[in-house]
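K.L.:
what shape does this take:
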Amino acid sequence: MPSQMQPPTSSRFPAPCLARDVVTDDADCLARSISGWSQEYEQLKAGHFQGSLSEMRIGDAQLFLEQTSHALRQVCNVPADHVWFGLPHCDSRCVRINGVPVQSGRIAVHRGGRNFELMTPDALQFLGIVVKEDMLMAYARQFECDDWLTEMLERPVLEVSETKKRAVQQNCLQILRHPRQTKSAPLYQSLSDQALSALFSLFQAAKPVSEDRSSSRQRHRLVERADAYVRSRSDRLVTVSELCTALSTSRRALQIGFQEVLGVGPHAYIRAISLNGVRSQLKNADSPYASVQDAAAAYGFWHMSQFAVDYRQLFGERPSETIKRRCR
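P.N.:
Presented below is the predicted three-dimensional model:
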């Protein structure tokens, strides 16, 4: 990788096609808000969710800031032939992409066309930069670093300068806050070049992260197996004891794994997954379940008063309030 990098003089972007802001109290609505993406969000921590999105698309480039109030499990798919770079504001709280931590001094990377999983903590700001891959590689060839970049794009996490990362975040935030009523193509051309140049400034000393701790890999695999087991039995509430038996593991190992990878215990996670399933049905106009009771029973909840308490604690509203969203 070259030790000194200066931005190319120009990279051609078409005129902007989207600039908007979204504020919502619904995680599913936020998941659907990022244009071109396919996403599913599940809320893991209790409380009334609040989220927002500021997005700007300039031709084949996309820039957005997503803010979320509560911990989420996100299953995401970037548009095909594009590359996403994720720059979370982490502090001491950790984001994970496919189990790999993205803390201070790191950014996440993913090529489009295939799913990836994000685990995000409470009170998170997450900056995303998405660029069409052929444009990104054309830019890289001007630096004579296209072979290096191709290799880096296969890694989920890169180590970068935290100082440069914060500078890029501030630069991109200024672009997103630029008055939206301005329609000048040359201005947006300048903004798009500015965003891509800022991104490439991170690559000067970037290197791939090798998550080589065997214990960390084992815990992530354990949680993946547990998640698959719970979801394959969505018609009932799996117990932690059953999970330990099915996975041939101890309760302590399961607890440690879930806390490290997801930030919640196995019991809380199982209930959160089931409650998110019920919530999805309650909001779906095409759901086969006409009542709260039917939807709850389909996910293994039979004690309706306790279900209502757990539901309101997790989502900050009653099931009857959620079902009204079908009419929105």
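
K.L.:
residues near the residue nearest to residue 292 when sequence neighbours are not counted, how many?
P.N.:
What sits nearest to residue 292 in space, not counting adjacent residues and going by CB to CB, 6 or more residues apart in numbering, is residue 319, at 4.4 Å. C-betas here are computed from N, CA, C, even on glycine. Neighbour count of residue 319, defined by other CB atoms under 10 Å: 22.

K.L.:
so residue 319 touches residue 282, yeah?
P.N.:
Yes. Residue 319 is within contact range of residue 282, at 6.1 Å (criterion: CB atoms under 8 Å).

K.L.:
what do those two both touch?
P.N.:
Common neighbours of residue 319 and residue 282 (criterion: CB atoms under 8 Å, 6 or more residues apart in numbering): 292, 295.

K.L.:
phi first, then psi, for residue 121.
P.N.:
Dihedral pair for residue 121: phi -90, psi 180, per degrees, to the nearest 10.

K.L.:
relative to residue 263, how far out is it?
P.N.:
Distance, residue 121 to residue 263, by CB to CB, to the nearest Å: 6 Å.

K.L.:
need the overlap of contacts for the two.
P.N.:
Contact criterion CB under 8 Å, 6+ apart; residues shared by residue 121 and residue 263: residue 71.

K.L.:
all helices for this structure, in order.
P.N.:
For the chain, the helices defined by DSSP state H occupy 27-31, 133-142, 146-152, 162-176, 185-201, 214-231, 240-247, 251-261, 266-283, 292-298, 304-315, 319-323.

K.L.:
including distance to residue 98 and mean pLDDT, could these go into TSV?
P.N.:
Shown next, in TSV, are these (distance: least, CB to CB, whole Å; pLDDT from 0 to 100):
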stretch	distance to residue 98	mean pLDDT
helix 27-31	18	93
helix 133-142	19	85
helix 146-152	16	83
helix 162-176	20	88
helix 185-201	21	74
helix 214-231	8	87
helix 240-247	20	95
helix 251-261	11	91
helix 266-283	17	94
helix 292-298	30	94
helix 304-315	25	95
helix 319-323	30	91
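
K.L.:
of all these, which lies closest to residue 71?
P.N.:
helix 266-283 (9.3 Å; CB to CB).

K.L.:
quick one: that closest one to chain centroid distance?
P.N.:
18 Å (CA atoms, centre = their mean, to the nearest Å).

K.L.:
buried residues in that helix?
P.N.:
By 16 or more other CB atoms under 10 Å, the buried positions in helix 266-283 come out as 266-283.

K.L.:
with stretch 190-198 instead?
P.N.:
Buried, per 16+ other CB under 10 Å, within stretch 190-198: 191-193, 195-198.

K.L.:
can you list these in TSV and add distance to residue 300?
P.N.:
TSV is the format used below for the buried residues of stretch 190-198 (distance: CB to CB, whole Å):
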residue	distance to residue 300
191	50
192	49
193	53
195	47
196	49
197	52
198	48
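
K.L.:
closest to residue 206 out of the residues you listed?
P.N.:
residue 198 (13.6 Å).

K.L.:
OK, contacts around that closest one?
P.N.:
Residue 198 touches 167-168, 171-172, counting by CB under 8 Å, 6+ apart.

K.L.:
do that again at 7 Å, thanks
P.N.:
Neighbouring residues of residue 198 by CB atoms under 7 Å, 6 or more residues apart in numbering: 168, 171-172.

K.L.:
got the CA positions of stretch 318-328 in CSV?
P.N.:
Provided in CSV are the C-alpha atoms of stretch 318-328 (Å, rounded to 0.1, in the frame of the first residue of the first chain):
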residue,chain,number,x,y,z
ARG,A,318,-48.9,-3.0,24.4
PRO,A,319,-49.5,-5.7,21.7
SER,A,320,-52.9,-4.1,21.0
GLU,A,321,-51.1,-0.9,20.1
THR,A,322,-48.8,-2.7,17.7
ILE,A,323,-51.6,-4.4,15.9
LYS,A,324,-53.0,-0.9,15.0
ARG,A,325,-49.9,-0.4,12.9
ARG,A,326,-51.5,-2.7,10.3
CYS,A,327,-53.8,0.2,9.4
ARG,A,328,-51.1,2.8,8.9
